[in-house]
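Asker: Fold the following and give me the result.
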Amino acid sequence: MIKLYKKDGDRLLYWETWEDGGKHTMHWGVVGDEGETQALRSGMFRKADKAVAEEMAQRQQEGYAEIDEEDLQSVVVQYRTETWGNAEDLERRHGIEELLNDQLGWTGLGHCDGGSLGSGTIEVCCLVVDAKIAAPVIVNALKEAGQLEGAVIARELEDGLDVLYRSESEGGAD
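Answerer: A predicted model of the protein is given here:
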């Protein structure tokens, strides 16, 4: 997968492409929105990978560029658990990871980078290009999935956490 970004005034734009089973997909838009998608397959007169390479070169000429992984922001979604952490909590964590990975990917924001379970909490870590744009997207995805109750969403800083959202029913994440 290749992801390119470009600042356009106060908006951040994305363009990405990936190949799966001979089908090349291009996906683009404004970070935080689902954007547009185009799928290409090779034909008799045109190779899909060549068309994608031409499109990518055009985007780079327009000022789109990759963002280094170390420049992504870390956003953590945390829930308190009633136990130290059990199989049901682990299943919940995996479901939330899958949900957020899908939502962050389709909105050009980033991806889920795993999580942890134990010591009375579930934590899901996401790497995003902009935490302030990602927070409402994450809140909406969790709300639609019935997983918002008890959530705390925070951006990791060098000296602690910047809480971006705190459910009224949560118990912490300090």
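Asker: Can you pull the poorly scored residue ranges out of this structure?
Answerer: For the chain, residues meeting the criterion pLDDT under 70 lie at 42-46, 169-174.
Asker: quick one, phi/psi of the most centrally placed residue in it?
Answerer: The residue at the geometric middle of the chain, judged as the C-alpha nearest the mean C-alpha position with Cα atoms, centre = their mean, is residue 104 (2.5 Å). Dihedral angles phi and psi of residue 104 (degrees, to the nearest 10) take the values phi -70, psi -40.
Asker: And it, how close does it get to residue 96?
Answerer: From residue 104 over to residue 96 the distance is 12 Å, taken as Cβ to Cβ, to the nearest Å. Backbone N, C-alpha and C define where each C-beta goes, glycine included.
Asker: likewise residue 105?
Answerer: Relative to residue 96, residue 105 is positioned 15 Å away (criterion: Cβ to Cβ).
Asker: Which one's more surrounded, these two?
Answerer: Regarding residue 105 and residue 96, a neighbour count based on other Cβ atoms under 10 Å identifies residue 96 as having more, with 23 against 17.
Asker: which residues of the protein fall in helices?
Answerer: Counting by DSSP state H, the chain has helices at residues 48-61, 87-106, 131-144.
Asker: Tabulate these (TSV), appending distance to residue 123.
Answerer: TSV is the format used below for the helices of the chain (distance: least, Cβ to Cβ, whole Å):
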stretch	distance to residue 123
helix 48-61	35
helix 87-106	8
helix 131-144	13
